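Enquirer: Okay, structure incoming, though there's no sequence with it:
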């Protein structure tokens, strides 16, 4: 069934490409013509997109999804480095064809770029250092001028902190530095982490802990594409529906230890 599904996706893409007028050729047709899918990814978000410390090759949930998409389309994949602050500008400018790095859906991003249908969901948890953990029992404990909260520019965490924790002091972090590195260095008291990454960071760094388990801000997870390219978006949505039905995302989530997904 998976082989048939792969062949069906490739055939559908070829038909769409062959029948599109030259003036209306979308990203789909350009990818098929060039034989290469360009994927924007940050490489700093374990287990979604990160670099193997030995080989420097990209690994992760989103990397596997990108490779599968390229395989089904019958093209190669090229991973294009980006960061959280510029990933939307990159897809608008045509630096890559799709963003696959573990992005959540937000209104601010949707104003400028297009989203595929979701592949899963996420939520937020706080991270702090062990010596501070006793100070924080709930989210309201973070909403205090005496608490410095760090977040990376361009992430959905920035919007969350501004709306949910307006009284807190903040420290904005620019990529390639990460907010949790500021936490380890003692320059912030708390960072807001995704449920996708929080457990990995706690397991990797003995100093970091999740002080409470009240998940906030449930959001769908999706891939980002050019907003006006409806042919490309339609193709990707059809691909995702087929992959959901075939159990691909369920298997992928299990492989990377992502619980609570479809």
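Expert: Everything's here; your move. Remember, it's a predicted structure, so these values are computed and weren't measured experimentally. Residues are numbered from 1 along each chain as shown.

Enquirer: What helix or strand is residue 40 located in?
Expert: According to DSSP states H and E, residue 40 maps onto strand 36-41.

Enquirer: what comes up buried for that strand?
Expert: For strand 36-41, the neighbour count (16 or more other CB atoms under 10 Å) marks 37, 38, 39, 40, 41 as buried. Yep, even glycine has a C-beta here, placed from its N, CA and C like the rest.

Enquirer: Next SSE downstream of it?
Expert: Per DSSP H and E, the first helix or strand lying C-terminal to strand 36-41 is strand 44-45.

Enquirer: Which members of the buried residues of strand 36-41 are the farthest-apart pair?
Expert: Using CB to CB, the pair of the buried residues of strand 36-41 lying farthest apart is 37 and 41, separated by 11.8 Å.

Enquirer: Touching both of those two, which residues are there?
Expert: Jointly contacting residue 37 and residue 41 under the rule CB atoms under 8 Å, 6 or more residues apart in numbering are residue 66.

Enquirer: Confirm that residue 84 sits in a helix.
Expert: No: membership of residue 84 in a helix is not supported by DSSP: H, G, I helix; E, B strand; the rest coil, which gives coil.

Enquirer: for the top strand by length along the chain, the distance to its chain's centre please.
Expert: With secondary structure taken from DSSP state E, the chain has its longest strand at strand 120-129. Centroid separation between strand 120-129 and its chain, computed with CA atoms, centre = their mean, to the nearest Å, is 14 Å.

Enquirer: Is residue 232 in a helix, a strand, or coil?
Expert: Classified using three-state DSSP, residue 232 is helix.

Enquirer: isn't it right next to residue 226, touching?
Expert: Yes: using CB atoms under 8 Å, residue 232 is in contact with residue 226, at 6.9 Å.

Enquirer: anything in contact with each of these two?
Expert: What both residue 232 and residue 226 touch, as defined by CB under 8 Å, 6+ apart, is the set residue 27.

Enquirer: Neighbour count: the two, which is higher?
Expert: residue 232 (22 against 19; other CB atoms under 10 Å).

Enquirer: Tell me who's in contact with that one.
Expert: Taking CB under 8 Å, 6+ apart as the test, what residue 232 contacts is 26, 27, 28, 97, 225, 226.

Enquirer: ok so, going back, can you tell me what sits against the strand holding residue 40?
Expert: The contact list for strand 36-41, computed with CB under 8 Å, 6+ apart, reads 31, 49, 58, 62-63, 66, 69-70, 73, 75-82, 87, 90-91, 95-101.

Enquirer: Strands of the stretch 151-262 of the chain, start to end?
Expert: Using DSSP state E, counting those that start in this stretch, the strands of the stretch 151-262 of the chain run over 169-173, 190-194, 208-209, 216-221, 224-225.

Enquirer: ok, which pair from the contacts of residue 232 is furthest apart?
Expert: Among the contacts of residue 232, 28 and 226 lie farthest apart (CB to CB), at 10.9 Å.

Enquirer: how far away is residue 109 from residue 72?
Expert: Applying CB to CB, to the nearest Å, the value for residue 109 to residue 72 is 26 Å.

Enquirer: cool, residue 25 as well?
Expert: The gap separating residue 25 from residue 72 is 20 Å, by CB to CB.

Enquirer: Of the two, which one has the most company?
Expert: The residue with more neighbours, out of residue 25 and residue 72, is residue 72; 21 against 14, by other CB under 10 Å.

Enquirer: mind checking how far the more buried one is from residue 180?
Expert: From residue 72 to residue 180 the distance is 34 Å (CB to CB).

Enquirer: before we move on, what about residue 247?
Expert: Counting by CB to CB, the gap from residue 247 to residue 180 is 33 Å.

Enquirer: between these two, which one's more packed in?
Expert: For residue 247 versus residue 180, neighbours defined as other CB under 10 Å are more numerous around residue 180 (22 against 13).
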